[in-house]
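Asks: Give me coordinates for this.
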Amino acid sequence: MSDAVTRRASGSFDVKLGPQPLSHSEADPLLGRMSIDKQFHGELEGMSQGEMLSAMTAVKGSAGYVAIERVSGTLHGRSGSFVLQHIGTMTRGAPQLSVTVVPDSGTGELAGLAGRMAIEIADGRHSYTFDYALGATS
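Replies: Okay, the predicted model is just below:
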């Protein structure tokens, strides 16, 4: 990736989460599963679908989640798709989140995509900042 160009994309997104049944009905009631549907706006234009697993705790404000979502659309005018992997924890209200492009998941003009996305939620609105690089194609 020595020929990679690093860029930043930003914008907003709308998200719909849908409760889904867990694979094991006897699972702890603090565990959850959701479907994810997003619509991205801005320098990333497109949609995504995915799945999230979560765990609440008895301590208010402490929880964790993991998610996988496939994003399809255009990124600074390049079309294709890629997969994002989320790992999030909340420790007594203090969030820590990592959202990373799954290596080698880019397709079309987004083949070779690598990067990290930051998500901000303010006043009920979701926004993203996506720092990414596209490797040189051979």
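Asks: wait, is Gly61 part of a strand?
Replies: No - counting by DSSP: H, G, I helix; E, B strand; the rest coil, Gly61 is not found in a strand; it is coil.
Asks: so what's it up against?
Replies: By CB atoms under 8 Å, 6 or more residues apart in numbering, the residues touching Gly61 are 90-94. Quick note: C-beta positions are derived from backbone N, CA and C, even for glycine.
Asks: In terms of pLDDT, where does it sit?
Replies: Gly61 is assigned 92 on the pLDDT scale.
Asks: do the same with the one 5 residues further on
Replies: Model confidence at Val66, given as pLDDT, is 97.
Asks: how about whichever strand or helix holds it: buried residues?
Replies: Assigned by DSSP states H and E, Val66 belongs to strand 63-75. For strand 63-75, the neighbour count (16 or more other CB atoms under 10 Å) marks 63, 65, 67-75 as buried.
Asks: for stretch 119-133, same thing?
Replies: By neighbour count on 16+ other CB under 10 Å, the buried set for stretch 119-133 is 119, 128, 130, 132.
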